[in-house]
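*Asks:* Give me the fold of what follows.
(chains A, B and C)
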Amino acid sequence: MDMVLAIVVGGLYAAGLYMMMRRSIVKLIIGLGLLSHASNLLIFTLGRLMRGRPPLIAPGAEALAEPYADPLPQALILTAIVIGFGVQAFAVVLIKRVYQIVGTDDLDQMKSTDEL
Amino acid sequence: MRDLLLVLPLLIPLSTAVIGLLFWSRPHLQRALATVGAGLLLASGLGLLVSVRHGGIHTVQVGAWPAPFGITLAADLFSAIMVVLTGLIGLAAVLYSLGSMDAHRERFGYYPLVHILLLGVCGAFLTGDIFNLYVWFEVMLISSFVLMALGGERAQLEGAIKYVTLNLMSSALFLAAVGVLYGIAGTLNMADLSKTLRATPRPDLVLAPAMLLLVAFGIKAAIFPLFFWLPASYHTPPVAVSALFAGLLTKVGVYAMIRVFTLLFDHHAHSAHLIILVASGLTMVTGVLGAVAQNELRRILSFHIISQIGYMIMGLGLFTPISLAGSIFYIAHHIIVKTNLFLISGLVFQLQGSYQLKRLGGLYRKHPGLAALFLTPALSLAGMPPLSGFWAKLILVKAGLELQQYLIVAVSLMVSLLTLFSMLKIWNEAFWKAAPAEHSASLSRGTQLALFLPVLGLAAITLWIGLMPEPLFSLSEQAAQQLVDPTEYIRRTLGE
Amino acid sequence: MSLILALVLTFVLAAMAPRLHGLLREASGWVLALWPLAWTIYLGGLTGRITQGDPLYIRYPWMPQLGVSLSFYVDGLGLLFGLLISGIGALVLIYSGGYLKKHRHLGRFYLFILSFMGSMLGLVLTGNLIALFVFWELTSLSSYFLIGFEHEREEARQAALQALLVTGIGGLALLAGLLLLGEAGGTLELTVLLERGEALRASPYYLPALILILVGAFTKSAQVPFHFWLPNAMEAPTPVSAYLHSATMVKAGVYLLARLSPALGGTAAWQIGVTGGGLATMVLGAIMALGPSDLKRILAYSTVSTLGALTFLLGLGTPLAVKAAMTLLLAHALYKGALFLVAGAVDHETGTRDVWKLGGLGPSMPITATAAGMAALSMAGLPPSLGFISKELLYEAQLHALHLPALLAGAGVLASALLVAVAGVVGLRPFFGHPVHRTGHLHDPPPSLWLGPLLLGGAGIALAIAPDMAASPLTTAAVSAVLGKPTVVELRLWHGLNPSLALSALTVLAGAGLYAAQPFLLDIAARARLKEWAARWGPQRGYERMLQGLNALATTQTRLLQSGFLRFYLMIIILTTIALVGSTIAIREPLSRWMGRIVDARPYELMIVVLMGLATLMAVLTSSRLAAVAALGIVGYGVALLYMLFGAPDLAMTQFAVETLTVILLVLVVYRLPRFTRLSGRPARLRDAALALAAGGMMTALMLMVLSAPLKSRLAPFFAANSLTLAKGRNVVNVILVDFRALDTLGEITVLAVAAIGVYALLKLRME
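*Replies:* Residues are numbered from 1 along each chain as shown, chains lettered A, B, ... in the order given. Got it, this is the predicted structure:
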């Protein structure tokens, strides 16, 4: 299954990057969202998949019984998801403000800071 | 007690920010708090530097969980130097803000944001864990996003879009690299990664995350061909913010690159060194040419940041103790000079009302003090003796000649001439040429003090380093020794 | 030690000069001149020990790890230069006080002149290669500020920039050359280096170092083809032209060649390069000197010629040649300095520097005329002047040269004859020629303006009449230093009837002829359109073209790279990533293994994956923004389900929650935005798709590569064993988040807080 997920991750990266290269700022945001999913799934898969054995210590046990899903990548992804959400929320509102001020969602119209 | 020194650079900015947030609508208190906090940060950085200088590499396990299971905070000389510089720049920027920041931004959390930025930067410098590095990068990044966009002017927002997007790309690549590293080595602690990667049964896998990190940090550090976000955005926020960014943010990228390539990948990544060297040359050239083409003060300075980054990674590409010492020396020199130049550009704006070169003029005649203050960092940037930039350049050139890398040496020398040319263009237009229109600006005593004090202080440091380069160089040399041979670092972290 | 202190004090005095000028007003020039006078006396006092062969050597470590010391080595060569710099410096300061009396920035002028003086003294007195470079650059820098003194004039600014850039390129080459020399010799200390001449000349670094150092020396000393900045530097006030651009700074290159000749000299490369360059410059400079009508420009070109002669002589390197060089050095500094100062005085009194508009000033300005006359005498090389002695020595050196003495002597005669003519033009005609009708009452300038020229011109004569008083010992010491062995020099006006004397006579006759024929020659030159030809093909035009090219290149590059289009920036980053990371990927596992891994997937897992795939496609292709947002949400939920299925329930819950929030947030924001339109054309979309797919494929390949090796987590066992016992928690992931790796969570919360501030500020704070 990890190979399938590898393909999924690749697909999500591809879709995310494609969307980011579009001229609409909304597509940019969606692309960023896809990219973030891709990164998280990548960490998850590379931490090696384990079906249905969540890292919860059973009542009565003192330690986790093998085999278990690696808890560390999960913690990392959790952190990354929350950070990603914070950043995305900001980015979304930024997009909205930009649209309100510039009047268009076309990125090609937003080059003024690069003009010679 | 020593452990406290390692934690203070994180604790101080965090507390300052949090308390500042509590006083959300009392800018006066926030200003005082921010200044005190910045001063304390500088002091704690100096304390840390002294401690590491005398006591060697210092590590602390957060929560007392043993390495590599918990998160390690580690300070070697390189980290300590960077923390001191952060404190210095933080203080300069805050002082300048006292005199220049508009009340609106101050009421929307400007000072706390600055301190969270400083928190993120210090965290990045002091962490010994690669995922923790990612977290501090994100802290730094989000506060820089908000500072960039704070105020909501059109240029800021347009610049912010590019800034945000490209830096988020960098974060995504960084995260992917962390995932790959964990997938190969099963650990996140950098010292442990160093040990594990060195002994890995699959050395063919190691280069991939190295390249990912090279691109991720390369975007952050603004090397060629990944720097486009910088000139598109750095000149849009208020000057104190630009100065803070210019001095610190890209250097965190450079720091991460150096750290990662000396600690994690030193054994398997020789091809990376060549790539970095080539990139450094291209960065130097494209950066300075970009500066030559510009006619707005801050944009010129932004492109120069890129060009100078090329010098800093040249030392990394050459990868000898002296070249790394040169990089560290250069980083220190450049942070001070660059921040100062941005602050001076702000002064020019205050006095003449514009950043456009053709609208400036006559400053040499009317403000000779400012002229002298401009010349110090400007000539230092161009590598003119006896200022800090000369020694920085000399060390790198010498390192290059020793390795017989004549091409990069020639490029670096040519670029320094072009840098001089660019600085002289500013001098010509803003200072020597007669003013095209009369613009009277008077600044109150208090404002003047707040604005000139950091500029004067930074210029004095630049001059001091130029006249007495030996202390900084010996510090850099020792730091480089610690980088080139990570055994001590690993020993102090993992404790065998 | 006192030498370093004296040098430091020079710079300190420079920094205080504007203040002092404010206090002393009219007397500032005279008072400030006391300091260089003190230097002169101090250096003069050292003459005794140095002529005995006991040079002064002090060393102060500056950057020991790099071999850089602030060391000072005062021998005969340094002494000669030092005396010239401080002596003429004193006179120039006095002169400046008078010449720039009413100038608002006179205080700053003193600052720059004194800084220059300190830098120049440091240059000639230092004994360390890098310290020398430091002073070298400082002289270029102070020269920049001095040339651009009239900074509100565009010509002055351009001239200053040109001088700095040309000498700057030379400076950089010099740095590289000096460092290579240091590598070859194992040290940066001159005293040691000069003893290792043999080893240096045999080293593989010799030739590159020589070429680089020569570029440095030639640009500074205005050798052809780098000479063009010097005439343009005449934009500077006259005292600057006199001091920097004739007597001292431009001699720095000559100094360097003299200083390094024991180490670098004698080889074929040296002979060809230095002698050839010098000879060409000597002749061309002299020819060009007859062209201009501005006094200062004429003097500038003649300086170029003399610098060429000096270079040429050092290239020859024989004892006779070196004797001639040192004598010429002294003579030229004296007469050229005097002539420049006279030009300034004339300009000050008459308001013009045009040679064709000046004439017959002698009766009205007797003191100035005397000074000019004496200096012109020396320049023309007529007895009894130091210039005459030096010219005789020049001819002797040429006639005794090993190769092509006839050619050399011929060139020497040509150049000298031209200089005779020039001497007539600048020293004779304005004062003793036809009076040109002038209005107003003309008289000698104030003492501050005639003291310098009189003393300098007079010295040129006095030192020749009584050479053993000062000239012979000084040149003895200098020549000994350059040659590296004690050599006695006895300067005499009369050497007996010899070929040199004959050549001198010939020179004078030829020179007189050229002087008389000057208008005729200028006419021919004008008809031949020489000026236009030079303007089109000369090095000045080359410089201008290079600047234009630079600006064009810079603009093109910036337009290309920093185009303003975010997608291009992204594209380049993606391409770079693919190039760098893609090249590291090499998949080892055979296809069969991969198939096995797909087969082990459960059907419902595959269904989720397929659903996610379809949703992704929809997000990409749809033109409805809400549909795109919904599709994104589906993808997110699919990911959450996958988390759940693979043992990550906390993760799944968080993902569900965050995804829901994201969708709501996006809907709120996107609701009022316009529908997606097809903004890019088909080829662009295909190109982007190809790139994106390549990147995605690369990531997949990377993952497969990593997955092909087993993973032994070094951290999980610890967490598994200690989560309950040490950290008191059963949910290991939670325990990691709040205990083992709590610092991460602190950062994460901070990010959220900042994001919240950011959102609030974006919504509420609108400044335009």
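*Asks:* Could you use CA atoms for every contact and neighbour count after this?
*Replies:* Noted.
*Asks:* Show the contacting residues for the residue most central in space within chain C.
*Replies:* Nearest to the mean C-alpha position of chain C, by Cα atoms, centre = their mean, lies C:Gly168 at 2.1 Å. Counting by Cα atoms under 8 Å, 6 or more residues apart in numbering or on different chains, C:Gly168 touches B:Leu417, C:Glu137, C:Ser140.
*Asks:* ditto for C:Val274
*Replies:* Residues in contact with C:Val274 (Cα under 8 Å, 6+ apart) are C:Leu214, C:Thr311, C:Phe312, C:Leu314, C:Gly315.
*Asks:* These in helices, which ones?
*Replies:* C:Leu214, C:Thr311, C:Phe312, C:Leu314, C:Gly315 (DSSP state H).
*Asks:* Pull out the buried members of those residues.
*Replies:* C:Leu214, C:Thr311, C:Phe312, C:Leu314, C:Gly315 (16 or more other Cα atoms under 10 Å in any protein chain shown).
*Asks:* residues from chain A in reach of chain B?
*Replies:* For chain A, the contact set with chain B under Cα under 8 Å from any Cα of the partner chain comprises A:32, A:35-36, A:39, A:42-44, A:46-48, A:76, A:83, A:87, A:91, A:94-95, A:97-98, A:101-102, A:110-114, A:116.
*Asks:* ok, for the residue in the stretch 601-750 of chain C that chain B sits nearest to, nearest residue in space, not its chain neighbours?
*Replies:* Here the stretch 601-750 of chain C gets closest to chain B at one residue, C:Ser713, 4.0 Å apart by Cα to the nearest Cα. The shortest distance from C:Ser713 to any non-neighbouring residue, by Cα to Cα, 6 or more residues apart in numbering or on different chains, is to B:Gly186 (4.0 Å).
*Asks:* Next one, pLDDT for B:Thr493 please.
*Replies:* We have a pLDDT of 89 for B:Thr493.
*Asks:* neighbours around it, how many?
*Replies:* 25 (other Cα atoms under 10 Å in any protein chain shown).
*Asks:* just checking, it touches B:Ala67?
*Replies:* Yes: counting by Cα atoms under 8 Å, B:Thr493 touches B:Ala67, with 6.7 Å between them.
*Asks:* circling back to that earlier point, any chance of the contacts of C:Val274 in a markdown table, with pLDDT and distance to B:Leu157 too?
*Replies:* Shown next, in a markdown table, are those (pLDDT from 0 to 100; distance: Cα to Cα, whole Å):
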| residue | pLDDT | distance to B:Leu157 |
| --- | --- | --- |
| C:Leu214 | 94 | 53 |
| C:Thr311 | 93 | 61 |
| C:Phe312 | 93 | 64 |
| C:Leu314 | 92 | 64 |
| C:Gly315 | 91 | 64 |
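*Asks:* Throw these into JSON lines and include distance to chain A, thanks.
*Replies:* Output for these, formatted as JSON lines (distance: Cα to the nearest Cα, whole Å):
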{"residue": "C:Leu214", "distance to chain A": "39"}
{"residue": "C:Thr311", "distance to chain A": "46"}
{"residue": "C:Phe312", "distance to chain A": "49"}
{"residue": "C:Leu314", "distance to chain A": "50"}
{"residue": "C:Gly315", "distance to chain A": "50"}
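*Asks:* and of those, the nearest to B:Pro454?
*Replies:* When those are compared for distance to B:Pro454 (Cα to Cα), C:Leu214 wins out at 42.7 Å.
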